[in-house]
Each structure stands twice: as structure tokens, then as C-alpha cells.
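Student: Quick one: sequence plus predicted model below, questions after.
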Amino acid sequence: MKRPFVIVCSLFAAIFALGSDPPAVRVEPTDSVGPRPLEKQTRTAVIRDYLQAWRGLSGAFEQNRADLLDPDFVGAAKEKLAETIREQATQGIRTRYRDSAHDLQVVFYSPEGLSIQLIDTVEYDVQILDDDKVQTTQHVRARYVAVLTPTEVRWKVRIFQAEPK
Amino acid sequence: MRSRFTFLLGALVITAMPLALAQTGSLHLPGTVEAGSAFSIQSTGNGNAVLYIVGLGQVVKRKVQLGQTVSFAPGDLRSAGHYLAVLVGDSSTENGAFDVTAAHQPGALSFLAKPSRLAVDLHDGISGVVYVFDAFQNLVLATTQVSFQLSGVAGATQTRTALTHNGVAWTKMDSAAKEGSVQFVARVGDAASTRVMQLVPGNPCHLRMSARPSGQRLAVETEPVRDCNGNALPDGTIVTFTERYKGGESTVDVPLKRGVARTDMPAYGGAKISVATGVFVGNEIRWGGER
Amino acid sequence: MRDLQASKRGTQSVTTGSVDCKALRFVKGLLRWLDCGGLYPRKAERRRAVIQPEIRGSNPRPTNRKGVVQRTESIAPTRGPIPLSMIFLAAFVVHLPLLLMKLPLKSYDANFHIFFASHYLHNWFDPWNPKWYAGFSQTTYPPLPQQWLALVSRLIGLDMAYMAVQFIAILLLALGVYRFSMLWVDRRAAAFAALASVFLGSECFLVYSAGQLSTTFAAPLYLNALPYLFQWVRHGKWRSFLKGGALFVAAAAAHHATLLFGSFLFAVPVLALVIFDRQDGERVSIPAFLVRSGSIILVVGAAVAVVLLPFWIALIHYPVTQTPIPHPSRANYILSPQWGLNYFVVPYGALILALPFIFLRGSSIARLRPLLLGFWLAFLVGLGGTTPVGRLVLGRAFDVLTMERFSYWATLLALPFVGLLATTLIDRFQLRAVAGLTIAAGLTCALAVSWATYRPADAADFKVNAVASWLNRDGHDRYRYVTLGFGNKISRLAVLTNASSVDGEWNSGRMLPELTQFGGGALTSSKYFGKPGLDALSAILHHADRYGLKWVFVKDPYYEPLLVFGGWRRVDDLEDKTITVWSKEDVPPAIAVNAPQIPPQWQGLLWGILPIGSSILALVLVLIPERRWHRQRVVEPSTADENLVLQRLAS
Amino acid sequence: MSRIGRLLAIVITAATVALIVVGTIWPVPSAVAMAGSGATLLRPSSSPQAAVENLAAEIGQQAWEKAYSSLANKSEFTELEFARDLTGTYPSLRTYATLDSFDLRPLHASADEAQVQLKLRWSTVVGAFLDTRTLRVVRTGDRWGVLWPIVKEPRVPPQVIPVNYLRWDVIYRGPEDDWGSQDVEAPHVRIVDMHPVDRSAGVVIMGELLNEDVVPAFVTVKATLLAKNGSAIATEDSFDKISHILLPKQVTPFLIRFQNVALSEVDSVHMEPSASLIAASADPVIEIEDQHFNPAPGAALSGKLVNQSGQVVSVAHVLGTFYDKSGQLVWVADQYVDRALLPQTPVSFAMSIPADIASKVSSERAITTAYSSGRFQ
């Protein structure tokens, strides 16, 4: 009984690991964003950096390496995620996050251009590994609020929080 | 022999029954939990299991006894977000999910007030953006009223209120007509954040100079340079004196010191001397008595 | 004294029959030398020396040659040669302490080689080095010495590995000179030539002042290959073909220019010698000569083409078309006497006094004339712009190559003559000649070694560790940097830091148009290249954004006005404010450039395997004993006891 | 020695000597480059041109003693004064300039006297400058000697000058990430004029930038040329064709060059002025006196710089802005001044303007930037 389970899990893990198709991304029109007009280039850069942040997050949580968050996260978001990774490492847990779909909407661009807020309805799979053994795999659909702020070379996620649907 | 075997089988079944029962269990999860508050998770069944509470904001792993209530003390789960709860027994796994929401009571504000320095008398020149957080640095997504107040030595107090939307509220204010420091305060309940801004003189509006002989040369000096609201331009502001005379020109960029700019220029009869600062041009003097 | 005599006798009895590899041999040899045994051989030795039988393949006509030399120059009986062990001992005594003091680290190029080696150390199969010129390919420079350096450094660190590799090169040079000289002169003169190589001014100059590891590593390999070339073409020995071919390929893997120019300067005279000697003993027909010469040229050429394939690909795709950079070795040494001192007096040293002898002796003896002509050509080209020969012979390459290597090769070609001169002088003036030659050799060596102190590569000796630490912290290494006034310390800095620079010391590897379109060398020394150098610096600072160039480290305040007026701001200082750090706003982090020039992976594999493999193959082949010679030597009575060095090495 | 051997030895030796002689009399270009002007070392001063050439060569080699001793009027000044005429008394661009090349043009000649114009092209870290001297050359026996027109740079007497300058310092908050906390606002600057023109070597963009703030700004201007399809053709910045430090309400011209681009290829230009806070001083104040616009041919803006502060300025950079009758910007030129600016001591400058532009110029404006450093060597 155990053997088929292990095989299925392994297959799933392999598919999970290898199946790194880029997530489907849909972006809502941004006509109503305010109070600062959002230029197309800025919007593109913000969305690119936000999606990259998911990839960085995924690697950091899978390898329990908080330093992988550095390029994409800053401030409170980075601190919280890094703390979670430390908790994972302490308890011998790793988690695999694979985002498969994003439905993005830019909802706020602050007047001085120093913050931009996104709402992301995201679908992702989470796999929990304890002592490198897969405990469960779950598909999640959640709504995230993210605030990004500009840094020297790119936008970084400063607030990253799921909200109840 | 046969009865002995039947007894043994029966004993085995009886012994194995509780164990078999212990392999099955279920989770009773709260729908939402406020960050930092106490809550509990009820499991059913018998035996030992491991409970995982996994989210991007926090991870908890506990050994639990099935059938007992697992309690979480206040502060145990303090990061808002979506959490998976997984109960892993010896041969079965139960899953569930719940949300942790930010506390309703605002605990801290991130107040982005720009700019820190601006010219006087500018309409909507000041912007303030507030992100409202609870005590655990979770963004308070529930609508909240924020009040903004701009006050200081330089003019009447301006007040605005705004409601947060997705945790953020913003406003714009005018700068006062008089230079000096102003305080810009954002307040939500008991939480407040203050920024200091400097209002500086605007573009020059009054630029006049005079000239007098100084030995072989000509001493030129401005009156105190002011903007259109009567604020004196700060020291260090560059004033350009240009003297045009027959076939030649002399220029010198002089900083204001104690409100005035002064320098010496060559004394040529009939020379025209003009003064400017930035793109603003002041008066012109023709040396030789004519003005 | 009796015991000493006994030991001498014992030594003699052994040497007639077999190869002695005992360590005691050094001591015995030393004692014999100190006892003037080398100068006053026993009667029996004198007799044998006058009519010397053929004892080795590499010297097919010793009787003939010896006879000519002896008959024309000296009526005195010849004496025994200096044991090679003594020559090695001299190399140990002279060079080992200097190398242990890490003296070459002060030279111009030592840190350049260490920098290349450090890249191989960490990226053996990836020749793309991002640390200079915003990225360049190390396949533009033959890798052998640097790869050995990288290998040895795993045991003793990069600096000491450099010393070890250089020391091996010095020992191999003595051996190579000995073997090469044996083609032209008798064993005694060859031994003197080999001893002279230990004190050779040009060798010391290249090792301690110029730091040209590749040249000094390749030349000994080449010299050691030449006797095999002779044996193959003269006698058709396949073993010699293989050994010689392998050594030639290894020499090319060490330094391509040595093989290219060495072919004309060294190999052509040797082939000419074969023609001179073709009628003696075992005859060689002209067709056989041509077939053998052609076959080795073809095989070696093909092997070099394969072993250095990434090098040729890089050269063909990205030929060196940049504006030539002035180099003082191309100066006219009379119009620029300071460079004459640097590139002629110091490398030649007392050899200058031997020039009349070289011309006279080389002209008078027919079979020495090819050697003389080879020397003469190298000598003239080595004079740089003093004569028009270099420009005529080399064409555009004259403005790309540096000329001191030709002087080096000229002095190597002169060494057989020096050996002859030494024997002649010693035979005639005995102890006075020994004293004079010793002083001349000592002064030549001393001047060349100390030249690095009198004319240091860097006037200011300073550490770059603080600069490296600064670059390596706080994410500074995300941007590129350039130094000003650091001289050749930029190589040391590049070894220590993770950051990438737009500057570098390997001019042929650079591709950035701002650097190649002007005739300046390293940006850090821009002011020494006059207008072209400063134009290049200005151009690269203009395009700082393009290359992610955010940091400028200034050691020489001369450059400050350019930075101030060009929009750079001073942000920090290091090393007690002797180094200032300048920055430019809004420069984006460095991204990879020159991407088309990145060698594909297969080239990296070839580069990591073939050059080093060729040297290992050469080593293995050379270590295969020459059995026939061995047998021959055993039965022949001879004073020769040092001529089978390679066998001894094998034992 | 055989006859052939002897002949060969003689041939080789003679050929070697001959080649060395040829290489020395007609040195190859690389040898000339290394010897500098010393490649003409062996030429005797038997004509006025040769005397001037030798002098220039010695100046190029900084062989002051040799150059000084060859002068015909050396009794009028000391060797030190001669050297200081060429290198400057105080650290300046001249001090560490190297002679890149020189030209001479005979103006007239008689049996005993000649006049030769010598143009010395000096290379410095910020570019080349030309030093033109008209030399009288007189015959003394069979040799010619140069009468050097000495320019004695004044030496500033010891004095105490009160320092009363304005200075701004900036205190930064530090590197910690504290979102929402205020940093000092970057200075507000504005491009007040911008004008692209097509020149033969490419596109030139010039304009003026105003610091409209009350604090000093460190400014740069970057321009990107955009093609009709919106793609970027090239990006360049003003580099040194701008005054990077702008005090409050100060205006600087800027000029950005794009090599090998035609204006017809350009659809639009994206300008990116940037400004950051900088610690700065209002000193030194440099007056530009006696500005004259000299029309073509040889169009130039000339004038004198007078340092009104007590600080010695090592290098001054003059930027000239030229306008047409309608007040539109038509050109921006610049020049580095090769001599140090001593307090209250005028130093002249002349910046050349292209002939085709000169005819349009109606008015002009000049500003200076300065570099002073004790470390400058």
C-alpha cells in the first residue's frame, strides 16, 4: 500500500519540480488607477518584478534560504518571509510553492510614485515536506495584496499578504 | 487446536481495532482568525499525529493527540494570510485551510509625505499616503478613516480625512504662502505619524540693484531679493551681474549673502549692467548717470 | 686530500659506464669543481677529450666539430665539462632564494599570470573571464604555464605556485641550453653555456623585472625539443619525432609566439645544421631531409592547430585590429638611451663584450654560421626601433609584439658561442679567466635581478587589499570599476575582488571599442600613453552607464580634474586617504557584454584538456628512456657522464 | 680564419652598424613615438627651424636645462622662470601636461634673424590645449638661438584673505530601511531650453538647465534618441560639457554629442536630467571680464577670468552659451584654462566657435566651474 503511495508522490513531485511552465498571467485594465497616472513601462516593470518575486519566494521556501528573498523583497514582507523560512528550517520543514495562474489588478499608484499596490488572485500548489518527505500537496486559490516600492534598479515587494475572499 | 487459533484471531482483532480506529481522524478549523488572537483546532480519532499550520507568514508544527483540542495561545499566529492546516497521522492525512486577518485595531502607520522641501504657495504641492498596519505589521484591509493635518508657523491649519481602501489612504495639500517648517500629521485612532516639511521661497519676483564707484571699479549691489510672497531668497542663491560695454562684456555669478549680492565690476562709461537670478531678470543700469 | 682523490677516481670509474643518479653525485661534483677538477682534468681525460668518439645522437659529429674547434682555437688539451648537477646546483643557489623571496611579484607581468591562473583555478573549463574588459576570453592567450600554476596552487597557493613553475622553467632552461648547445659545440662548451644560462641577464630580466612567465616557460621546452628535431631529421628516429613533436606542441601551448618565431630563429639553423652534417657518418639524402622536415612541420602544425583550436578560432573571429600601443622595447635605443639601458644593456650584460667573438667565431666556422645568422636576426629585431629590421621583418606585428623577447632569444642563441668563449678563455688564461667570467656572469645576473629595484614596475608599492575588501562588500561588486594610478597592481586587485573591471592588462583580449580605437594600454596608466591613453579613459568614462561602471579608485590625483568635470563624485577614501573612491550617480548595475565572444562550452572543454594534456604527454614521452643510447654508452669509454639527463630524470 | 669567414664577419658587422645608423637617422614611427620629439636629437641648430625644432624637442622631454642653455636671451630670466613659464608656478593643467606634438611656421627670415611661430600641442587629463608662441631666432656664429618670449607668471605674496564663503553640508539619514521616513528632498532642476542640431559628425543636443531649488545640486543630463519605431538609437550624457554643481538659481548650458547619428533618423529625444544633493561651497567666485565675441574667421569668445576669492584655482573650465537674435540657443562651447587662477589675477581664455555658427551668434553668456585641490599633482 505504501509503495504505490510513494511512487505516486514521487511522480507528482517530479511533475511538480519539472513542470515549471510559466504561470498564466492576466492583468486587469489599469484605467482607473490613481491618484498618479500609471505609465505602460512602469506597469510592465512592476508586474514583471512581482512575478519574479514569486519565483524568488518559491526558491527561498523550497531551499530554506532567506537570502534568496533579497533581490525581490524588502522591508516588512522580507522580514516576515525570512522569519517563516527560519521557522521552517528549525522544524525541519520545507515547502514548495508553484504558482500556476495570476489575475492581477493594479489598484493604487501613490501620488509621489513611491508605492504601487496590486491585488492578485493567484492559484498555486503547495507541497509540504517534512524531513524531505512529502506530507501533502494542496492546490490553493487565494487573493493577495502586494505593495511594491521602487529601489535602485527594480520594484521590490514591501507588503505581501493574503486576504480572505 | 482450532479453538485456540480462533481465540488468537479474535484477540488480534480486538487488539487491532483501536489501532485501526486511530488511523482515521478529522479537523475542525475556524473559518477566519484575527491575528494574534487565541484559537483552537479540534481533531477527532485516537492516536498520535503531527499538525502542520503552513502559510507564507508563519509555519507551525505540533505533535498532537488525536481527539483532543489543539489550542493556540494569543500571539501564536500573528501574521495575516492564508494558512493550510495538515494533520498527518500514521497512515492518513487530513487537510484544511483558514485565513488569518489583520487585527481591527490599527497599531502603526507608514506615512509617506512628500516632498520634504517645497516652494511656498503651491496648490496640491504636498502629498500624503498612509498604509495602516496592526500591531503585528499586518496591513489592515478593513476600511478605516484617516485624518491628515498640516499645521505650522507658516499659515492656517489644513485638515483632510480619507478612508482607506485595501489598507491605503491618501491626500493632497497646498503649501502655505510663508516660508518655514510645517508639520504634517496622519492619524488613525490612537496611531499617529508626523512628518516635518520645509517651505522655501519661490521664484524671485523682486530683483533690483544699484551701482556706485569703488576706486577704479564699480560696486554693484542688489536689494534684498524676494519672491512674489515677500519671502527673502536664501543665502547662496546665485545672482548674475552682466556688464555690456562697447565691444565687450563682463559676467560674474555671485551668491546672495545676508540677502544681498554684491560684487565689483569694471567701470566703463556708457556700460549697461543687468542683473538676473535663474530665469528672472531684474533691472538694468546704464553707467554714466543714466538709469 | 687523498680521500678526495680517491673519490674523484671513483667518480671517474663510474661515469665511463653508467648513469649516476645518486644525490652524492652533487657533492662529488662540487668537490671536483672546487678542486679545479673541471679545469685541470687528469691525463686520461685529456686524451679522451682530444679524440672524442661519437657518444650520442644529438651530437653526431663531435669529433669533427671538436676537431675544428680545437684545431682552430686552442692548442691546449681540453678539460672535462662541468657536471649538469653542478649547473642545477648553481640554479638552486642563485634563483631559489630570490624566488622564495617572491621577488618576481614585483615584476610587470607576474600578477597578470597569477590572475589568469586564479581564473583557471576556479573555472577550469570556462575560459570566459568577466573580471577584465567587462568580460574577455582567456582563449586569446595560450594557457599552459597558468594552468600548471593553477594546479600547483592547490597545494601551495598562487604566489608560491608561480615561483615553483618559474623555477622549473629556469631548471629546464639550463637543461635545454645544454642540449641545444651540444648540437653546435662540444660538451664542455655546452656545459659552460648551460651554466651561463643560470646567470643570463635576459633570463633574469624576464623573470624578475618583466615577469614573462610564458616566454621563459616556452623557451626551455622549445630548446629541449630542438635536439629531437635534429635527431629526427638527421637520423629518422621515430622516438625523437614523437618526443620533439610533443615538446613543440607543449611549447606552443605555453607561448604561441615562441613557436612561431622560434621556428625561424632556432629551428631553421638546426635544419641547416642537418644539411651541413648530412655527409658525415650516417648520411641523409635531400629527399629524406625534406620529407622528415615536412612531416614534423605538418604533424606539429596540425597538433598545435588542434591543441590551441579555441585560440585560433578567437583569433580568426576577432583579429587583433586595435590601434597599436607604444612600447618602449620598440624605441630606438640610441635616441632613447634610457630604454637602451633597459632593453639592451641589462638583458645582454657582459654578453655585449662577447659580441665581437660571436661575430668572428660564428663567421669563421661554417657549421656555426646558421646559428650566427639566427642570432644576428634575433639580435637586430631585439634592438627594436634602433634598426629598421624589426619593422621590415615583422611588418604590422612589430607594433603588436614587444621586442625584449627577441633579445632573450638572441641571448639564448648566443649561449653556445659563450660556451666556446669560456672554454677558450679558460684554456688560455686559466684561473684569471675563471675569475673574470665569474665576475662578468655575477655582475650580469646581479644587474638584471636588481633592475627590478632600480626600475620597478610600480614606483609606489602599496597594497590593494583594502580596495578589494571595499569592492567585495555592500553589493559594490554589482558594478564595474576602474583604477587610476594603480599600475600593474590591477592584476593583483582582480585576483582579490569579485567585481568586474573595464580595464585590464591583456590588451589583445579586449574588445570594448573605447579601448581598442585608441593607442593606449591599461586605463590605470592612461597618462603614460599620452593623448591616446587619456582619450581612451575619457571615452570609457563617457560610457560609464553602458558598462555599469560606477566606481573609480584613484591613486594618482592627476586624474581628479577629469573626474570632477566629468560628473564623478568622491564618495570614500581608503588606505589613509591615499586612495580615493569616486562614484557616478544613476549608473545601472553591470550586465554581461561582449556576449558573442563568449566561447562555447566545447571550446572550454578543449581548452581545459588539450594544452595541459599536451604537456603531460610530452613529459611522459620524454621520460621514456632511450635504451639504445643507454646500451651504447655503457660499452663506450667516455668522459661523458652528464649527457643523458633525461634518463637520469626518469630514474 | 677563412676568407669567406672574414668577409662574412665584416659584412655582418658593417651591416649591423649601417642598420643602426639608418634606424637612428630615419627612425621608425614607434621609435619616434617613444623618443618623443627627441627623435631629432642629432640635428644641429644650423637653421632657424632646426633651432626651434630642437628647442621644442627639449621642451617635450622636459629637459629644461638643455632647452634653457640653448636660448639666445637666457640672461633675461632664470632657468626656473623659463620652466615656470611652461609648467606654471602653481599646480595647473600645464604642470603635468605632456607635449603631444608641435608645429612650426616660419614667418620671415633674413641672414641673421628669423621669426618662427611655434605651436605646442599639450596633452592633459581633460584634453589638449594649444600654446602658440612667436619666436625670434637670431644667428650666433654658425648656430641659431631662440629668443624666448618669457611670460612671467605672478607669484602671490603671502597674505591673509578672510574666508567668508557659504557652504552647504548634507546629513543623510543612514542606510537603514525605514519606510516612510523622510529623506532630504533631491534638488529640483529644470531644463529651460533644449535644441537638437545636425552636425557633420552626428547629432548634438544642447540646452540649459536651471537649479530652481534653494539648495545646491549635483546635476547630469542624459539624452536618449528615439527612432520612429520608438526604439532607442543611442544614449549619451553631457559628461564635461556642463557645470555639474549648480548653486541655487544657477543655470548651466549642456551639450550632448551623438556620433554617427543623423537627425533625420531621430523621431524624438528623451531627456533625463538628474539632480542629487551635494555638499558644496559658493566659493570661489570667478568673474569673467572683458568678454569679446570675435567673429569668423577664427570665431572665438575671449575674455579674462578673475578669481575673486583667496583660494588658488588649479583648473578652471569656462562654458559659453551662444544665442541668436531671437534669443534661441545656437551653440555651447567650452574651454579649460591651462594656468592656475590666483586671487585677483586675470587669466585670459579664448574658446573657438564653428564658423557657420558664429555668423548666427547675437549674444553669449559664459560661466565657470573650478577645481582646486592640494592633492592635484
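Tutor: Cool, the structure landed.
Student: residues in contact with residue 102?
Tutor: Looking at chain A here, since you left the chain open. Listed by CB atoms under 8 Å, 6 or more residues apart in numbering or on different chains, the contact set of residue A:102 reads A:23, A:24, A:25, A:26, A:51, A:54, A:120, A:121, A:122, A:123. In this view, the C-beta of every residue, glycine as well, is placed from N, C-alpha and C.
Student: wrong chain, I was asking about chain D
Tutor: Counted by CB under 8 Å, 6+ apart, residue D:102 has contacts D:37, D:56, D:60, D:118, D:119, D:120, D:121.
Student: Contact residues of the stretch 201-350 of chain D facing chain C?
Tutor: Residues of the stretch 201-350 of chain D that fall close to chain C, judged by CB under 8 Å from any CB of the partner chain: D:218, D:220, D:222, D:235-240, D:242, D:244, D:274, D:276, D:278, D:314-315, D:317, D:336.
Student: Show me where the chain has its helices.
Tutor: I'll assume chain A. Listed from the start of the chain, chain A has helices (DSSP state H) covering A:2-18, A:40-63, A:75-91.
Student: switch to chain D, that's the one I care about
Tutor: Secondary structure of chain D (DSSP H): helices at D:3-25, D:29-35, D:48-60, D:64-69, D:79-87, D:355-358.
Student: Which residue is it, in chain D, that comes closest to chain A?
Tutor: residue D:179 (5.3 Å; CB to the nearest CB).
Student: before we move on, the earlier item: out of the residues of the stretch 201-350 of chain D next to chain C, which sit inside strands?
Tutor: D:218, D:220, D:222, D:235, D:236, D:237, D:274, D:276, D:315, D:317, D:336 (DSSP state E).
Student: Next, find the distance separating the third one from residue D:236.
Tutor: When CB to CB, to the nearest Å is applied, the distance between residue D:222 and residue D:236 equals 7 Å.
Student: joint contacts of the two?
Tutor: residue D:256.
Student: In terms of neighbours, single out the busier of these two.
Tutor: Neighbour totals were compared for residue D:222 and residue D:236, and residue D:236 leads with 22 against 16 (other CB atoms under 10 Å in any protein chain shown).
Student: ok, back up a step: any chance of JSON lines for the helices of chain D, columns distance to chain C, mean neighbour count and mean pLDDT?
Tutor: Below are these laid out as JSON lines (distance: least, CB to the nearest CB, whole Å; neighbours: other CB atoms under 10 Å in any protein chain shown; pLDDT from 0 to 100):
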{"stretch": "helix D:3-25", "distance to chain C": "4", "mean neighbour count": "15", "mean pLDDT": "91"}
{"stretch": "helix D:29-35", "distance to chain C": "3", "mean neighbour count": "23", "mean pLDDT": "76"}
{"stretch": "helix D:48-60", "distance to chain C": "10", "mean neighbour count": "22", "mean pLDDT": "88"}
{"stretch": "helix D:64-69", "distance to chain C": "14", "mean neighbour count": "16", "mean pLDDT": "90"}
{"stretch": "helix D:79-87", "distance to chain C": "14", "mean neighbour count": "17", "mean pLDDT": "90"}
{"stretch": "helix D:355-358", "distance to chain C": "23", "mean neighbour count": "16", "mean pLDDT": "88"}
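Student: I'd like to know which of those helices is closest to residue D:346.
Tutor: With CB to CB as the criterion, residue D:346 lies closest to helix D:79-87 of the helices of chain D, at 17.1 Å.
Student: Report all helices and strands that that closest one contacts.
Tutor: helix D:64-69 (3 or more CB pairs under 8 Å, 6 or more residues apart in numbering or on different chains; DSSP states H and E).
Student: hey, which helix or strand in chain C has the poorest pLDDT?
Tutor: helix C:645-650 (a mean of 30; mean pLDDT, DSSP states H and E).
Student: mind showing which ranges of the stretch 101-250 of chain B have poor pLDDT?
Tutor: Low-confidence segments of the stretch 101-250 of chain B (pLDDT under 70): B:153-155.
Student: With the stretch 201-350 of chain C instead?
Tutor: Filtered on pLDDT under 70, the stretch 201-350 of chain C yields the residue ranges C:280-281.
Student: quick one, helices of the stretch 151-291 of chain B?
Tutor: If you assign secondary structure with DSSP state H, counting those that start in this stretch, the stretch 151-291 of chain B ends up with no helices.
Student: pLDDT averaged over the lengthiest strand in chain D - what is it?
Tutor: With residue count as the measure and DSSP E as the assignment, chain D has strand D:127-140 as its longest strand. Strand D:127-140 carries an average pLDDT of 90.
Student: My guess is residue C:343 contacts residue C:405. True?
Tutor: No: in this structure residue C:343 lies outside contact range of residue C:405 using CB atoms under 8 Å: 10.6 Å.
Student: Could you name every residue contacting both of those two?
Tutor: Here residue C:343 and residue C:405 have residue C:382 as joint contacts, going by CB under 8 Å, 6+ apart.
Student: And residue A:37, how close does it get to chain B?
Tutor: Distance of residue A:37 to chain B, computed by CB to the nearest CB, to the nearest Å: 14 Å.
Student: can you give me phi and psi for that residue?
Tutor: Comment: the main-chain dihedrals of residue A:37 come out as phi -60, psi 140, following degrees, to the nearest 10.
Student: Enumerate every residue touching the closest residue to it other than its chain neighbours.
Tutor: Across the structure, with CB to CB, 6 or more residues apart in numbering or on different chains as the measure, the residue nearest residue A:37 apart from its sequence neighbours is residue A:109 (7.7 Å). Contacts of residue A:109 were listed using CB under 8 Å, 6+ apart, and they are A:33, A:34, A:35, A:36, A:37, A:38, A:42, A:115, A:116, A:117.
Student: before we move on, what about residue B:113?
Tutor: Residues in contact with residue B:113 (CB under 8 Å, 6+ apart) are B:126, B:127, B:128, B:129, B:184, B:186, B:195, B:197, D:180, D:182.
Student: quick one: which of the residues you listed is nearest chain C?
Tutor: For chain C, the nearest member of the contacts of residue B:113 is residue D:182. The distance, counting by CB to the nearest CB, is 20.2 Å.
Student: Would you mind measuring from the closest one to residue B:193?
Tutor: Distance of residue D:182 to residue B:193, given as CB to CB: 11 Å.
Student: residues near residue C:519, how many?
Tutor: Taking other CB under 10 Å as the neighbour definition, residue C:519 ends up with a count of 19.
Student: and it, that's in a helix?
Tutor: No: in this structure, residue C:519 is coil, not part of a helix, as judged by DSSP: H, G, I helix; E, B strand; the rest coil.
Student: so what's residue A:24 closest to, chain neighbours aside?
Tutor: If you skip the residues right next to it in sequence, residue A:24 has residue A:101 as its closest partner in space, 4.5 Å away by CB to CB, 6+ apart.
Student: Can you tell me how far residue A:68 is from residue A:56?
Tutor: Applying CB to CB, one obtains 6 Å for the distance of residue A:68 from residue A:56.
Student: hmm, back to that, which among the contacts of residue B:113 end up buried?
Tutor: Listed as buried from the contacts of residue B:113 are B:126, B:127, B:128, B:129, B:184, B:186, B:195, B:197, D:180, D:182; burial here means 16 or more other CB atoms under 10 Å in any protein chain shown.
Student: can you redo the residues you listed as JSON lines with distance to residue C:147?
Tutor: Rendered in JSON lines, the data for the buried ones among the contacts of residue B:113 read as follows (distance: CB to CB, whole Å):
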{"residue": "B:126", "distance to residue C:147": "65"}
{"residue": "B:127", "distance to residue C:147": "61"}
{"residue": "B:128", "distance to residue C:147": "63"}
{"residue": "B:129", "distance to residue C:147": "59"}
{"residue": "B:184", "distance to residue C:147": "65"}
{"residue": "B:186", "distance to residue C:147": "65"}
{"residue": "B:195", "distance to residue C:147": "61"}
{"residue": "B:197", "distance to residue C:147": "63"}
{"residue": "D:180", "distance to residue C:147": "55"}
{"residue": "D:182", "distance to residue C:147": "56"}
